[in-house]
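Enquirer: Based on what follows, work out the 3D shape:
(one chain, ligands or ions: 1)
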Amino acid sequence: MANYQQEVKRTNKSIILKTIREQEPISRATLAQILHLTKATVSSLVEELIQEQYCCQTGPGRSSGGRRPLMLQFNEQAGYTISCDIGVNYILTVMTDLGGGILHEEMKPFDTNDFTRTVMEIRSMIDTCMKQMKESPFGLTGLAFGVPGLVSREGEILTTPNLDWTQSNIKAIFEDQFQVPVLVENEANAGAYGEKIFGAAQYKEEFLYISAGIGIGAGAVINGSLLRGTSGFFGEVGHTTIIDNGLPCRCGSHGCWEMYASEMALRAGAQMDKDTDMDTLLSRAAESNDVEKALHDVGYYLGVGLVNLIHTFNPQKIIIGSRLARVRQYLEEPMQQVVNERTMPQLAEGCEITFSMNDQYATVLGLTAFTIESFLDKQFESALSTSG
Ligand SMILES: [Zn+2]
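Expert: The predicted structure follows:
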């Protein structure tokens, strides 16, 4: 019986905190009303949450008559997260508070093919973040990494077709080093989640996020939750065949979508090596026919692949993110033209195609959301096991 009561209490406390996070600032009375709990229950659990520094009280809110109620807010300053998007040719690291607000960021062009050098570089970026952390109740709540490859549901990296990694024990290395929970996710899945929580797809129930960088990956939110696939490998759309017997791909197949519609394809078409930055490439678009044609072709093939995805998933929205989002002004027209010409009107009508507003941040923000949610879940689990 005692266990059952504790379970109920733990669940209520966790739901109260979740509601505060989603609807802050919010009063105790409103919490009681929407959660169908007594005011006494809400008050006592809120008191515990304040004591434990998960939330705090702010000034009085609006009143519908009578005394103005004190409002509650999630204590975003109670801890930190660090998230790291490991691209093929860059590393982006951000430190956030528990509300997902970016407090520090570092973007570095970097050839991540060398695993050991990459790990050293990331460690130094994390150290820089750690130095900027202030004293807080929970400190660093977790680290998260987005990688361009297959990641199992347990966070094990199984293969990275666009990187020469022979080992992949990132999770173990950083858990050992920093003694905090470490999450590893496919970068496109994380990007989709970032768009759902912080970006262009807020409140959308059905959408696809296309991460178009050196390779192409997809994340899908269906019925409001992230689609994982049987083994956690959902979204390897970059390796669907777009041209039968086309260009050989590093995955072992031929004619894959990412050989025609990615940053890699753009660089090949524009005859630019992988160290040329996007801005240089763009500045040459106006004067070079090669660059202009490469941009047009990438837009065209992006559209061809999207037509397949729209017919497969019937999404409400498709968001194109990662590096190609930066050249949207060149891609949009040829892409949209193919989509308009080839998509069945009934499916085309309901589907909006946009480019990410978060641009390079979708993946790190998704990782951050995963870390915060998993931290809060664990906090309430452990409260039960230690007090029971
Ligand atoms: Zn392939």
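
Enquirer: only C-alpha atoms for contact and neighbour calcs from this point on.
Expert: Noted.

Enquirer: does the residue located most distally from the centre of the chain sit in a helix, a strand or a coil?
Expert: With Cα atoms, centre = their mean as the measure, the chain has its most outlying C-alpha, relative to the mean C-alpha position, at Gly66: 43.5 Å. Here Gly66 is recorded as coil under DSSP: H, G, I helix; E, B strand; the rest coil.

Enquirer: so how far is Pro60 from it?
Expert: 12 Å (Cα to Cα, to the nearest Å).

Enquirer: cool, and Gly303?
Expert: Counting by Cα to Cα - Gly303 and Pro60 are separated by 52 Å.

Enquirer: Pick out whichever of these two has more residues nearby.
Expert: Using other Cα atoms under 10 Å, the more surrounded residue of Gly303 and Pro60 is Gly303, with 25 against 14.

Enquirer: Which residue comes closest to the more buried one once chain neighbours are left out?
Expert: The shortest distance from Gly303 to any non-neighbouring residue, by Cα to Cα, 6 or more residues apart in numbering, is to Met335 (4.2 Å).

Enquirer: ok, now Arg267?
Expert: Spatial nearest neighbour of Arg267, chain neighbours left out: Asp273 (6.5 Å); criterion: Cα to Cα, 6+ apart.

Enquirer: Could you pull out the helices in the stretch 51-200 of the chain for me?
Expert: 115-131, 170-178, 187-198 (DSSP state H, counting those that start in this stretch).

Enquirer: how big is the angle separating the longest one from helix 170-178?
Expert: To tie it back to what came earlier, the one meant is helix 115-131. For helix 115-131 against helix 170-178, the angle by axes from the mean of the first three to the mean of the last three Cα atoms, to 10 degrees is 40 degrees.

Enquirer: ok, residues contacting helix 115-131?
Expert: For helix 115-131, the external contacting residues (Cα atoms under 8 Å, 6 or more residues apart in numbering) are 82, 84, 91, 93-95, 104, 106, 111-112, 164-168, 170.

Enquirer: rerun at 7 Å
Expert: Outside helix 115-131, the residues that touch it by Cα atoms under 7 Å, 6 or more residues apart in numbering are 93, 95, 104, 112, 165.

Enquirer: Just the pLDDT for the second one.
Expert: The score at Met95 is 98. That number is its pLDDT.

Enquirer: do the same with the last one
Expert: Among the per-residue scores, Trp165 shows a pLDDT of 88.

Enquirer: Now Arg250: phi and psi?
Expert: When read as degrees, to the nearest 10, the backbone of Arg250 gives phi -70, psi -20.

Enquirer: Closest residue of the stretch 101-250 of the chain to the ion?
Expert: As assessed by Cα to the ion, the ion sits closest to His239 within the stretch 101-250 of the chain, at 3.9 Å.

Enquirer: Next up, the contacts around the nearest residue in space to that residue that is not next to it in sequence.
Expert: Counting by Cα to Cα, 6+ apart, His239 lies nearest to Cys256, which is 4.7 Å off, once chain neighbours are set aside. By Cα under 7 Å, 6+ apart, Cys256 lies in contact with 238-242, 249.

Enquirer: For these, could you give me a markdown table that also reports pLDDT?
Expert: Converted to a markdown table, the contacts of Cys256 look like this (pLDDT from 0 to 100):
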| residue | pLDDT |
| --- | --- |
| Gly238 | 96 |
| His239 | 96 |
| Thr240 | 97 |
| Thr241 | 97 |
| Ile242 | 96 |
| Cys249 | 95 |
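
Enquirer: Selecting buried members of the residues you listed in ChimeraX, what would you type?
Expert: To isolate the buried ones among the contacts of Cys256 in ChimeraX, judged by 16 or more other Cα atoms under 10 Å, type:
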select :238,239,240,241,242,249
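
Enquirer: Tabulate the contacts of Cys256 (CSV), appending distance to Glu175 and secondary structure.
Expert: Shown next, in CSV, are those (distance: Cα to Cα, whole Å; DSSP: H, G, I helix; E, B strand; the rest coil):
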residue, distance to Glu175, secondary structure
Gly238, 31, helix
His239, 32, helix
Thr240, 35, coil
Thr241, 38, strand
Ile242, 40, coil
Cys249, 34, coil
